[in-house]
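Participant: Predicted structure and sequence below. I'll ask about it afterward.
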Amino acid sequence: MTGYLFLVILALSLAAFHVGRTTAKSFVSAQGAQLHSRPVYHGAFAAVWVGLPASVLVVLWLLFQDTIIDHLVLASLPASMTEGASASRLSLYISEIRNVASGRIFTEPSPEIRTAAERLQSWQAIARWAMVVVTVAMMVLALYLARARMAPGFRARQSFERTLDIVMIASAAVAIFVTGGIIVSLTFEAMQFFRLVPLQEFFFGLNWEPQIAIREDQVAGTGAFGAVPVFTGTLLISAIALLVAIPIGLLSAIYLVEFAGECVRGIVKPVLEILAGVPTVVYGFFAVLVVAPAIRQAGSMMGIAISPNSALAAGGVMGIMIIPFISSLSDDALRAVPQSMRDGSLALGATRAETITRVLLPAALPGIVGGILLAASRAIGETMIVVMAAGLTATLTANPLDSVTTVTVQIVTMLIGDTAFDNPKTLSAFALGLVLFVVTLYLNVAALRIVRRYREKYE
Amino acid sequence: MNMLAEAAVEDAINRDSARTETVKMQASGVNVFYGEKQALFDVDLAVRKNQVTALIGPSGCGKSTFLRCLNRMNDTIDICRVTGSITLDGEDIYDPKIDVVELRARVGMVFQKPNPFPKSIYENVAYGPRIHGLASSRSELDAIIETSLQKAGLWNEVKDRLNEPGTGLSGGQQQRLCIARAIAVSPEVILMDEPCSALDPIATARVEELIDELRENYTIVIVTHSMQQAARVSQRTAMFHLGRLVEEGPTGKMFTNPEDKRTQDYVTGRFG
């Protein structure tokens, strides 16, 4: 139904385009007038006037229709049912009415529910048709208004371009609003958590045992929410990942920019970028099934006991994953250093190695640091590899052979299985998420600022 | 030609005859290919010691290519191939035994566009001496930097801000900084590829004056598009056209009485 409506909107917009263009042409042929804007802009102006408000109206209508109908249905229920009922009770009523209305009947519904379901059905039908009628009426009115404004001197191009501006601003705003929404919901739930667990315990406590009972009959720990071991675990794994990725990424970038021939470059660069396209879950089982046992075996050969889920395995594989970030951004940064810098250095009798270490790397450093920071925020936020390979116990250790856990792993485990949003176990996920969000946001902003400063350098 | 230019030519003739005529660099039968395309055909040219040799000719005639052969900067271009021989003090610089790094320390280069490194003024000049280990102590390095900047005529302008970035100087100052940077490794020959083309007339005059002073201690080869500049600064001039050396001789003769018709047309501004 709604799909057809959008088709109608599209068809009417095209018709409006045609009307607008023909009208504009008729000004020229019938009156011999000089047009301000070309006919195609008159057409575009009419099409936008007809199509855009109608689309917005339909979207808003669909967003609010259910809420409004729910309210009306609830209000129509007998007072004996709604009087003094809790919010969750009311939402139960609504879902029952909806189930009945769509034919999913589990138990014999009460007559009140049954009549409410019928009422819901009829209201929904009315709303649907009302939407169609209102939308079409609006489009016809818009076409009439647009047609009325058209004249040879009418600045159709400016009007059309102004509308395009608004569309672009709205598109950009979507991303911003979503980010804002995420921050608000994270902060809200995190505040709930900090009402139950004091701030200083979360940020300075050394003990993380969040598996507390959600139902009364569960067997569980007493609970401790000191997040320090979780943060150090994240730091340890990210540090290992960066230790792997920075040298490999940087050296491969230098090789690609300074030494590789066109042919080698044409093969190596796409292959490196494939690394970025491998799903992280694949890296995850690579870490669990290949790297971790190999490290363990190597350890036992040397007489070192290594836990099956070691930070080294997870961090190492994560390092491989983020190589493309560092290599490709460093590649760009090195490539952006003008050839005249290389020539200047070589003409002074510097070797290629001296040119790279003393001129190219310092000149490209901001770009390289930007790449490293982006890779770091990626490593800190990475989930799948660590869920599969790093382990769950929050140990406070700097030993890479030990099993550690990370912020992301804990968030996943907190939100799997029983969740209750009045319980610190579940809510702790939001507090951790907020910290993670702030840290990665900071790293991203820092990286972007560094990269931007670097861009201005050679202009 | 106007009176001024003629005076400059007279001057050049006088200067020319006073100098010794030792050959510093000798190119014989030099051909250069970029891939399939041949850019230089059989060039024979002598560069005389403590003289300024100007290379002139219309754009794309191969003069920059020839200049870049003299310190093997063409090595950095993959598809470039050089045949024939070029000697420096009698030694073939394309001999496999020659270390290109050492060669470039002896034959320095200043480019068309000033290209200071994004480092401080001090570090820009210190770059060469550092990589060649020319100074054993900080004070020795300071001394090299001061003399180099003085020789480049930049010392008085920058002595109070040696730690500021070299990229913050004006265009003319940047070019003199690049000259100072080249001087700091004490080369024997300095190659200049249109060093004034990105500069305004005042900065150009400063650099030209400087070139004349540098002749005392260095051998200079300069590529230029400006006839007046060639007449003002050089003792010998070589005219290139379509990858061939058309004519070479004392600057005064080249501008007043060239043997080749093409040279005459070019220096009088009829083509190019």
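Facilitator: Structure received.

Participant: and residue B:111, backbone torsions?
Facilitator: phi -100, psi 170 (degrees, to the nearest 10).

Participant: Check residue A:405 too.
Facilitator: Torsion angles, degrees, to the nearest 10, at residue A:405: phi -130, psi 160.

Participant: With residue B:244 instead?
Facilitator: Torsion angles at residue B:244 (phi, psi; degrees, to the nearest 10) stand at phi -120, psi 150.

Participant: Name the nearest residue to it, sequence neighbours excluded.
Facilitator: Once flanking residues are discounted, residue B:244 sits nearest to residue B:41: 4.9 Å by C-beta to C-beta, 6 or more residues apart in numbering or on different chains. Where you see a C-beta, it was placed from the backbone N, CA and C, and this is true even at glycine.

Participant: how about that neighbour, secondary structure?
Facilitator: strand (DSSP: H, G, I helix; E, B strand; the rest coil).

Participant: Check the one 5 residues further on too.
Facilitator: Judged by three-state DSSP, the three-state class of residue B:46 is strand.

Participant: Same question for residue B:238.
Facilitator: What three-state DSSP gives for residue B:238 is strand.

Participant: Can you name the residues bridging to it?
Facilitator: Beta-bridge partners recorded for residue B:238 (DSSP bridges): residue B:55, residue B:248.

Participant: average pLDDT across stretch A:243-252?
Facilitator: For stretch A:243-252, mean pLDDT rounds to 94.

Participant: Let me fix that, I meant to ask about stretch B:199-208.
Facilitator: The pLDDT scores in stretch B:199-208 average 86.

Participant: what comes up buried for that stretch?
Facilitator: Using 16 or more other C-beta atoms under 10 Å in any protein chain shown as the test for burial, stretch B:199-208 gives B:199, B:203-204, B:206-208.

Participant: Also stretch B:149-162?
Facilitator: Applying 16+ other C-beta under 10 Å to stretch B:149-162 flags B:149, B:151-155, B:157-158, B:162 as buried.

Participant: Could you confirm whether it reaches chain A?
Facilitator: No: Stretch B:149-162 stays out of contact with chain A when judged by C-beta under 8 Å from any C-beta of the partner chain, the minimum separation being 14.3 Å.

Participant: Touching, residue A:311 and residue A:401? I think so.
Facilitator: Yes: using C-beta atoms under 8 Å, residue A:311 is in contact with residue A:401, at 7.5 Å.

Participant: And the helix or strand of chain A with the lowest mean pLDDT, what does it pack against?
Facilitator: Using mean pLDDT, DSSP states H and E, helix A:79-82 stands out as the lowest-scoring helix or strand of chain A, at a mean of 75. Judged by 3 or more C-beta pairs under 8 Å, 6 or more residues apart in numbering or on different chains; DSSP states H and E, the packing partners of helix A:79-82 are helix A:87-101.

Participant: Give me the nearest residue to residue A:261, chain neighbours excluded.
Facilitator: Per C-beta to C-beta, 6+ apart, closest to residue A:261 is residue B:78, 7.6 Å.

Participant: ok, that neighbour to residue A:327 distance?
Facilitator: Distance from residue B:78 to residue A:327, counting by C-beta to C-beta, to the nearest Å: 22 Å.

Participant: what about these two, which has more around it?
Facilitator: Neighbour count, other C-beta atoms under 10 Å in any protein chain shown: between residue B:78 and residue A:327, residue A:327 has more, with 28 against 10.

Participant: so where does that one fall, helix or strand?
Facilitator: Secondary structure from DSSP states H and E places residue A:327 in helix A:311-336.

Participant: Name the residues of that helix that come out as buried.
Facilitator: A:311-335.

Participant: Over to stretch B:167-178?
Facilitator: Under the neighbour-count criterion of 16+ other C-beta under 10 Å, stretch B:167-178 has B:167, B:169, B:172-178 buried.

Participant: Contacts only, for residue B:42.
Facilitator: Residues near residue B:42 by C-beta atoms under 8 Å, 6 or more residues apart in numbering or on different chains: B:29-31, B:84, B:244.

Participant: Let's see that with 6 Å instead.
Facilitator: By C-beta atoms under 6 Å, 6 or more residues apart in numbering or on different chains, the residues touching residue B:42 are residue B:29.

Participant: How about the one 4 residues further on?
Facilitator: When the contact criterion is C-beta under 6 Å, 6+ apart, the partners of residue B:46 are B:23, B:26.

Participant: Distance of it relative to chain A?
Facilitator: According to C-beta to the nearest C-beta, to the nearest Å, residue B:46 and chain A sit 22 Å apart.

Participant: Low-confidence ranges, the chain, go.
Facilitator: As the question left the chain open, I've gone with chain A. A:1, A:212-222, A:454-459 (pLDDT under 70).

Participant: Chain B was what I was after
Facilitator: For chain B, the ranges with pLDDT under 70 are B:1-20, B:271-272.

Participant: For it, what lies in contact range of chain A?
Facilitator: Within chain B, the positions near chain A by C-beta under 6 Å from any C-beta of the partner chain are B:101, B:104-105, B:109, B:115, B:117-118, B:128, B:131, B:185.

Participant: Distance check, the residue lying closest to residue B:153 once chain neighbours are set aside against chain A.
Facilitator: Residue nearest to residue B:153 in three dimensions, not counting chain neighbours: residue B:210, with 5.2 Å by C-beta to C-beta, 6+ apart. When C-beta to the nearest C-beta is the yardstick, residue B:210 and chain A sit 18 Å from each other.

Participant: Let me see the backbone angles for residue B:210.
Facilitator: The phi/psi pair for residue B:210 (degrees, to the nearest 10) reads phi -60, psi -40.

Participant: residues near it, how many?
Facilitator: Neighbours of residue B:210 using other C-beta under 10 Å come to 20.

Participant: what sits against residue 100?
Facilitator: Let's take chain A. By C-beta under 6 Å, 6+ apart, the contact list for residue A:100 reads A:109, A:113, A:117.

Participant: Correction: the question concerned chain B.
Facilitator: residue B:72.
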